[in-house]
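Asks: have a look at this prediction, sequence included:
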Amino acid sequence: RAKKLSGNNFKFYSYNDGEGSINPLELEMELYKAIDQDQLFLQYQPKLNLNTGKIVGVEALIRWEHPNLGLIPPGVFIPIAEESGLIIPIGEWALHVACKQNKIWQERGFNTVVSVNLSAIQFNQPNLIHTIKAVLQKTGLEPRFLEVEITESMTADFESTVSMLQELKKIGVRISIDDFGTGFSSLSYLKHFPVDILKIDQSFVRKLHNNPNDGTIVKAIISMAHNLNLKVVAEGIETKEQLIFLQNHLCDEGQGFFLSKPLMANELELKYSSIEQIVEDNGVPWDVKE
Ligand code: C2E
Ligand code: MG
Ligand code: MG
Ligand code: MG
C-alpha cells in the first residue's frame with residue numbers, strides 16, 4: 001500500500017499478461033477509461049461468525065476486467081490508482097456500488113454489513129466524511145450497515161488520524177483495522193483510536209501451523225483486542241486446522257477461501273438466501289461452541 005509507493009519501485013507493479021509486461025503508464029491510461037467503460041466491478045467475500053458459521057458481513061473487493069488484458073488484480077492496479085490520483089473516483093465508485101448493493105440486500109431481509117477498503121489517499125482527503133455521508137444519503141443505506149477498512153499506516157499524523165476516526169464514528173459507520181500486525185503503528189496508539197474491529201493479517205494465519213511464533217502472535221492479538229473491547233477477525237483462513245485453531249482461541253470472526261471465496265453479488269444471493277443460513281460446513285462442527 002502507501003508505503004510501497006516510492007517511484008523507484010515501479011517495476012514491482014508492472015503487470016504481466018503472459019505476453020510480456022505492460023508498463024504502468026499504459027496501465028494508468030487504461031485505468032482512466034475503466035470506470036466509464038464499466039470494466040470495474042465488486043465481488044463480496046463473506047465474513048463469518050466463527051462460533052455459528054453464519055454470515056455477519058461481506059467485504060467488497062474491487063476487480064478490473066480489461067477487454068484485452070483480462071482480469072487485473074487489485075494488488076497491481078490499486079497502487080497505480082493511488083499514484084495517479086485515480087483512487088479518488090475509483091474509491092468513491094466502490095463505496096457507492098457497495099452501499100447500493102447492500103441497500104438492496106437490506107430490503108430483501110439479508111441484513112448484512114458491507115465493508116469497503118479505504119486507501120490512505122482517500123483517508124487523507126479532508127472531504128472523505130462528506131463523500132461517505134453523500135453516498136449513504138444517495139443510496140439510502142443506514143450507516144450501521146457500512147464498515148470501512150483502514151490500515152495501520154494510514155497517516156503519519158496521530159492527531160489527524162484520531163479526528164478523522166472520530167468523525168467517522170459520529171456518522172455511525174464501523175471502523176476496522178485491516179492487515180493488523182503488518183504496519184508500524186505503536187500498539188499504545190490503538191487504545192486512542194475509536195475503532196471497532198481488528199483484522200489479523202493473513203500472513204500470520206497462513207503460517208499458523210508451520211511457525212509456532214505466528215500462533216503466539218495470533219493469540220496475543222486476539223487477547224489484546226478483547227482487552228480493548230474490539231472484535232477480532234482473522235483473514236485468509238485456508239484450512240480446517242487454521243479455522244479450528246482460531247475457534248479454540250476465541251477469534252470472533254473469519255474470512256478465507258476455506259469458508260468462501262469472494263463472490264459476485266448474484267452468486268452470493270443464490271448460495272445464501274438468508275443470513276440465518278449456515279455456510280457449508282466443510283466438516284466443521286459450527287455449533288460446537290454455541
Ligand atoms: P485486503 O483488504 O486485505 O483483502 C483481502 C485479500 O485477500 C483479497 O485479495 C481477498 O481476495 C484475499 N483473500 C481472501 N481470502 C483468502 C484466502 O483464504 N487466501 C488468500 N491467499 N487470499 C485470500 P484481493 O481481492 O486481491 O485484494 C487485495 C487488496 O487490494 C485488498 O487487501 C485491499 O487492500 C485492496 N483492495 C481491494 N478492493 C479495494 C477497494 O475497493 N479499494 C481499495 N482502496 N483497496 C482495495
Ligand atoms: Mg480489507
Ligand atoms: Mg487484509
Ligand atoms: Mg491486504
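Replies: Yep, that arrived. Ligands and ions are numbered 1, 2, ... in the order given.
Asks: isn't Asp269 right up against Phe110?
Replies: In this structure residue 269 is Glu, not Asp. Yes: Glu269 is within contact range of Phe110, at 7.5 Å (criterion: Cβ atoms under 8 Å). (C-beta placed from N, C-alpha, C; glycine too.)
Asks: higher neighbour count, these two?
Replies: Between Glu269 and Phe110, counted using other Cβ atoms under 10 Å, Phe110 has the larger neighbour count: 19 against 15.
Asks: which stretch of helix or strand covers that one?
Replies: Following DSSP states H and E, one finds Phe110 outside all helices and strands.
Asks: distance check, it against ligand 1.
Replies: Per Cβ to the nearest ligand atom, to the nearest Å, Phe110 is found 21 Å from ligand 1.
Asks: ramachandran angles for that residue?
Replies: phi -90, psi 90 (degrees, to the nearest 10).
Asks: swap in Pro79?
Replies: According to degrees, to the nearest 10, Pro79 has phi -60, psi -40.
Asks: burial count for it?
Replies: 21.
Asks: OK, contacts around the residue nearest to Ile200 when sequence neighbours are not counted?
Replies: For Ile200, ignoring the flanking residues on the chain, the nearest one in space by Cβ to Cβ, 6 or more residues apart in numbering is Ala234 at 4.9 Å. Neighbouring residues of Ala234 by Cβ atoms under 8 Å, 6 or more residues apart in numbering: Leu50, Lys199, Ile200, Val205, Val218, Gln242, Leu246, Cys251, Glu253, Gly254, Gln255, Gly256.
Asks: what about the strands in the protein?
Replies: For the chain, the strands defined by DSSP state E cover 15-16, 21-22, 40-49, 55-66, 70-72, 113-117, 146-151, 174-180, 197-200, 231-234, 253-254.
Asks: ok, what's across the strand from the residue nearest to Ile200?
Replies: Ile200, Gly254 (DSSP bridges).
Asks: what does the chain put close to ligand 2?
Replies: Residues of the chain lying close to ligand 2 (Cβ under 5 Å from the ion) are Asn117, Glu149, Asp178.
Asks: can you narrow those down to the ones near ligand 3?
Replies: Counting by Cβ under 5 Å from the ion, the members of the residues of the chain next to ligand 2 near ligand 3 are Asp178.
Asks: let's have the residues of the chain next to ligand 2 in TSV, adding neighbour count and pLDDT.
Replies: Formatted as TSV, those follow (neighbours: other Cβ atoms under 10 Å; pLDDT from 0 to 100):
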residue	neighbour count	pLDDT
Asn117	23	98
Glu149	19	97
Asp178	24	94
